[in-house]
Every structure is written in C-alpha cells, then in structure tokens.
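Student: Mind looking at a prediction? Sequence and model below.
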Amino acid sequence: MEFVTETLGKRVHDPYVEESRCILIPGPIIVGSGPSGLATAACLKSRGVSSLILERSSCIASLWQLKTYDRLRLHLPKHFCELPLMPFPSSYPTYPTKQQFVQYLESYAEHFGLKPVFNQTVEEAKLDRRCGLWRVRTVGGKKEEETEYVSRWLVVATGENAEEVMPEIDGIVDFVGPILHTSSYKSGEMFREKKVLVVGCGNSGMEVCLDLCNFNAHPSLVVRDSVHVLPQEMLGLSTFGISTSLLKWFPVQVVDRFLLHMSRLVLGDTDQLGLVRPKIGPLERKIKCGKTPVLDVGTLAKIRSGDIKVYPELKRVMQHSAEFVDGRVDNFDAIILATGYKSNVPMWLKGMNMFCEKDGFPRKPFPNGWKGESGLYAVGFTKLGLLGAAIDAKKIAEDIDVQQNLLALGRPQHC
Ligand SMILES: Cc1cc2nc3c(=O)[nH]c(=O)nc-3n(C[C@H](O)[C@H](O)[C@H](O)COP(=O)(O)OP(=O)(O)OC[C@H]3O[C@@H](n4cnc5c(N)ncnc54)[C@H](O)[C@@H]3O)c2cc1C
Ligand SMILES: NC(=O)C1=CN([C@@H]2O[C@H](COP(=O)(O)OP(=O)(O)OC[C@H]3O[C@@H](n4cnc5c(N)ncnc54)[C@H](OP(=O)(O)O)[C@@H]3O)[C@@H](O)[C@H]2O)C=CC1
Ligand SMILES: O=C(O)C(=O)Cc1c[nH]c2ccccc12
C-alpha cells in the first residue's frame, strides 16, 4: 500500500473515538476479494493500474473458503470458470475440487501481487458530488475502528451470494434440533442416521441431500415450486458447453427444447419424482429470472431409489416434526436451509441509481450491467457465474485504464 496517502485527524465531536482515518487512494477501490474482485484487480494490474481491495473477511474468496461444503466441485468445466490472464493448471481435472479452485485463486492473487486489506467491512459508500470522489467507510481491524477510503473509482465486487436468505417458516422457533443454512454445512458427518429436512432444491439443496446419503443420513427435500434438473453432461460433453455453443446459432427457446429432450432421455421424467419442471425452459429461466438449473451429480438416482424423500412446500414446523401443504407430517432431527443467497449492495451503497434497491443487482442486465455513472462499476452480477465475472473484469479494467490515461493527459506536463 505504498501508494496510499494517509491523513490522521482528531475527531472533534466524539471524545471516545480518538482518530478518524482518511486514506486517499490514487487507483480504484474494489469492494470484495472474491473471484470477481481479484479478476478486476489483476486486469488492472496488467495495465499498470494499482487498486485497493477491501474485504470484510480474513481471507480471499471467503465464500469458497468459509461458506461451502467439503464435497463441492465446480460444476461447469474448468475452462468456463477460469479468471482472465491465467488458466487453470493443466493437471487439474475437468471439474476441479473446491480445494483446487481455492489454491488456483491463491496462486492468482500471488502471481499478480494482489494484497487485499482484510477485515474491512464496507458499511457505506457514497459519491461526494462536490469533488467527484467516492467516500468508502469501513469498519474493522482489531479495534473495530472506522476508516474512510477516498477514490475516483469504485468497483462493486461483493457478489450475488453476499448474504444468506433465511426464510420465515411458521413455528421454526419451536424446533428443538439444529437449524443451519447450507453456508455453514460442511459434511454429513454430524447427521449420521439422522432424519434431516433440507429446505430448497437449488444446486446446494440437491448436493447436500446427496452428501447426507453418503454419510448414511436420511434426507427429505422440500420442493416448494418447480425446478429444472439437467444432466451435468450429455453425449460425453458438458451440458453448459453444449448450451453456450448452441446459443450462438439458435434462439434460446430452441436450445431449451433440445436440452429438455436430451434431459428426458438421460434422466427420465423428473415430474414423477416430485420435481415438476417450470413452464419456461431452463436457459430462458436463468436469463430472465436468474434461477440456475440444477446440474445433477447423482441426487436424482437417490430420489428414485427412495433414499431421498421429496415433500412439497412446508406448512409449519413443530418441536420434532414438520407439516407440509399436502397434509403429511414427518419427524426430523435437523433442518438445513438451502434457501440461497442475496446481494447486499443496497445495505451500503448509497444514493446511486445503478443498482436496484430490491434485489441489489445492477438495473441493466448482462452484458450492460458493469458500468454506472461517476466512476462506479459492478463485476460479477451477471447471473453467469465465474464466466460472467471474467467478462466484466476485462471491460472494467479497460475502461478505467482509458480514463486514467485521459486524466494524465489533462495534467500539466513538466519538462
Ligand atoms: C456453493 C456455490 C458453488 C458455486 N459454484 C460455481 C461454479 O461451479 N461455477 C460458477 O461459475 N459459479 C459458481 N458459483 C457462483 C459464485 O457466485 C461464483 O463462483 C463466485 O464465487 C462469484 O465471485 P464473486 O467474487 O462475484 O463473489 P464472492 O465469491 O461471493 O466474493 C465476494 C466477496 O465480497 C466480500 N464482501 C461482501 N460484502 C462486503 C462488504 N460490505 N465489505 C467488504 N467485503 C464484502 C465477501 O466477503 C466475499 O469475499 C457458486 C456459488 C456457490 C454459493
Ligand atoms: N457445484 C456447484 O457448482 C454449485 C453451485 N451452486 C450455485 O450457487 C448459487 C446458490 O445456489 P443455492 O444455494 O442452491 O441457492 P438457489 O437460490 O439456487 O436456490 C434456493 C432454493 O431455495 C428455495 N427456497 C427459498 N426459500 C424457500 C422457502 N421458504 N421454502 C422452500 N424453498 C425455498 C428456492 O425455491 P424457488 O425457486 O421456488 O424460489 C430455490 O429452490 C447458485 O448460483 C448455484 O448454481 C450451488 C451449489 C453447488
Ligand atoms: O453456478 C452458478 O450459479 C452459475 O451461475 C453458473 C451456472 C451453472 N449452471 C448454469 C446454467 C446456466 C447458466 C449459468 C450456469
């Protein structure tokens, strides 16, 4: 952080806070050191632009390191998940494990000399319109002190999965067993022989059910509405790869019809298992509603064999049991909420129209959501996973680089 200019000033109005720190950053400020923030910083660095990454947790890629389960692997082939300027090692398998992915990100940060400032939670960021600079207030460090970082550019890289969605379920406070979100689930070890209710049937819920089976637990899955399950591969090729290729030539509805036909051949009729397909096709639904289709890695077979039970929407939870909307009641020892995540941008980014207050995503959809006004950018809100983050990162770095060059041209030259 040798490029950082620091000003320390006494706080006049608050006698208990000794100092307020204000740090002027010559380059962009990036909020979040997940894959999106790292990719943007690397692309900037490759153009000679230094940036400052602020991260609330104590490590890079905290979602991957701290909030995912042990058996997790990338579920898209690795070439769709690599960050710009550095491919995955060729020794990696097609679907790298979480540990391999984290190792790749660590090497990526080291290769580009990226050193985020950890334990800095951005609580507020706003544009000071008098000077056109971003004021970013963080809380963190050993003494939970406040710091203000100031820069011309602000890159939002806090992700689509910043906060857990905790649903309100009638009677859940009465349940006596453990209740946890999938972000705290590591493995089925502690659930051996237990009856576990998994609420939510996205990729997390489906994979947690499979993991529970592998530890001899007895999972039940709540499917409150409809879901698209696709095979991870078709005809020896990844479903995602086939989809992106076909989308170059055919409209999304045609590609969806093909995917659904192939899925039926590979997986059979999923409706019969309680997994009713939505009316709108899987890719169109992903694009329009952001709902990722489930890529099956073995869960369907366990549902078919009866190892995983499927229930409809929950009506209420009692001390040791749950009642479903079809009137069935079953006993459970634990509840796992696989209810997904949400963006946290509206909690801290103030006074800007770029992000929707309701869902915390850029108002403009992909591919136009990356750039806002007055030096504000968003990376990784494309609903296209790591692939989308890589695309955004490259555009942002180019844009900032051009602006910085223009600014330099505007400065008086000394000869
Ligand atoms: C279980 C799981 C598996 C996934 N698998 C895949 C996959 O195989 N392929 C794929 O393409 N995508 C996958 N995804 C999607 C996922 O969104 C991306 O993999 C990727 O993590 C997105 O990177 P990101 O940097 O945008 O967000 P994140 O990885 O969430 O990083 C955001 C960072 O911002 C920090 N942050 C948040 N708020 C603040 C704040 N106020 N102040 C400071 N720091 C803050 C967070 O601590 C975090 O470190 C998966 C997601 C999950 C949950
Ligand atoms: N191997 C991999 O690569 C993996 C990737 N992921 C990715 O991580 C991201 C997050 O996935 P995930 O954690 O599964 O979250 P998702 O948002 O994809 O899924 C959440 C699920 O919970 C359901 N739900 C929410 N609230 C309730 C409720 N009150 N009662 C019943 N059901 C409820 C939703 O239903 P509804 O649709 O009706 O709203 C939905 O089925 C996704 O992008 C996913 O693809 C996740 C796991 C593994
Ligand atoms: O894992 C995710 O959440 C992603 O966003 C990447 C992704 C997984 N499966 C998909 C199907 C269609 C588009 C993106 C994905």
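Tutor: Arrived safely, thanks for sending. Ligands and ions are numbered 1, 2, ... in the order given.
Student: alpha carbons only for contacts and neighbour counts from here, please
Tutor: Will do.
Student: Where do the helices of the stretch 1-150 of the chain begin and end?
Tutor: Using DSSP state H, counting those that start in this stretch, the helices found in the stretch 1-150 of the chain span residues 35-46, 62-66, 98-111.
Student: The last one: which residues count as buried?
Tutor: By neighbour count on 16 or more other Cα atoms under 10 Å, the buried set for helix 98-111 is 98, 100-102, 104-106, 108-109.
Student: And for stretch 70-84?
Tutor: By neighbour count on 16+ other Cα under 10 Å, the buried set for stretch 70-84 is 72-73, 75-78, 80-84.
Student: Among the residues you listed, pick out the one closest to ligand 2, please.
Tutor: In terms of Cα to the nearest ligand atom, no member of the buried residues of stretch 70-84 lies closer to ligand 2 than His75, at 4.0 Å.
Student: Next, the contact list for the closest one, please.
Tutor: By Cα atoms under 8 Å, 6 or more residues apart in numbering, the contact set of His75 is 95, 232, 295.
Student: Wait, Asp225 touches Tyr311, no?
Tutor: No: contact between Asp225 and Tyr311 fails when scored by Cα atoms under 8 Å: they sit 10.5 Å apart.
Student: Compare the two (neighbour count), which wins?
Tutor: More crowded of Asp225 and Tyr311, by other Cα atoms under 10 Å: Tyr311, with 23 against 14.
Student: Look at the residue lying closest to the more buried one once chain neighbours are set aside and report its pLDDT.
Tutor: Beyond its immediate neighbours in the sequence, the residue positioned closest to Tyr311 (Cα to Cα, 6 or more residues apart in numbering) is Val222, lying 4.9 Å away. With respect to pLDDT, Val222 scores 98.
Student: Name the residues linked to Val222 by a beta bridge.
Tutor: Counting by DSSP bridges, Val222 is bridged to Val199, Tyr311.
Student: How about the contacts made by it?
Tutor: Counting by Cα under 8 Å, 6+ apart, Val222 has contacts 197-201, 310-314.
Student: want to throw these into JSON lines with pLDDT and distance to ligand 3?
Tutor: Shown next, in JSON lines, are the contacts of Val222 (pLDDT from 0 to 100; distance: Cα to the nearest ligand atom, whole Å):
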{"residue": "Leu197", "pLDDT": "99", "distance to ligand 3": "23"}
{"residue": "Val198", "pLDDT": "98", "distance to ligand 3": "19"}
{"residue": "Val199", "pLDDT": "98", "distance to ligand 3": "18"}
{"residue": "Gly200", "pLDDT": "98", "distance to ligand 3": "15"}
{"residue": "Cys201", "pLDDT": "98", "distance to ligand 3": "13"}
{"residue": "Val310", "pLDDT": "98", "distance to ligand 3": "22"}
{"residue": "Tyr311", "pLDDT": "98", "distance to ligand 3": "24"}
{"residue": "Pro312", "pLDDT": "97", "distance to ligand 3": "24"}
{"residue": "Glu313", "pLDDT": "97", "distance to ligand 3": "23"}
{"residue": "Leu314", "pLDDT": "98", "distance to ligand 3": "25"}
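Student: Ligand 1 contacts on the stretch 301-415 of the chain?
Tutor: 380, 385-387 (Cα under 6 Å from any ligand atom).
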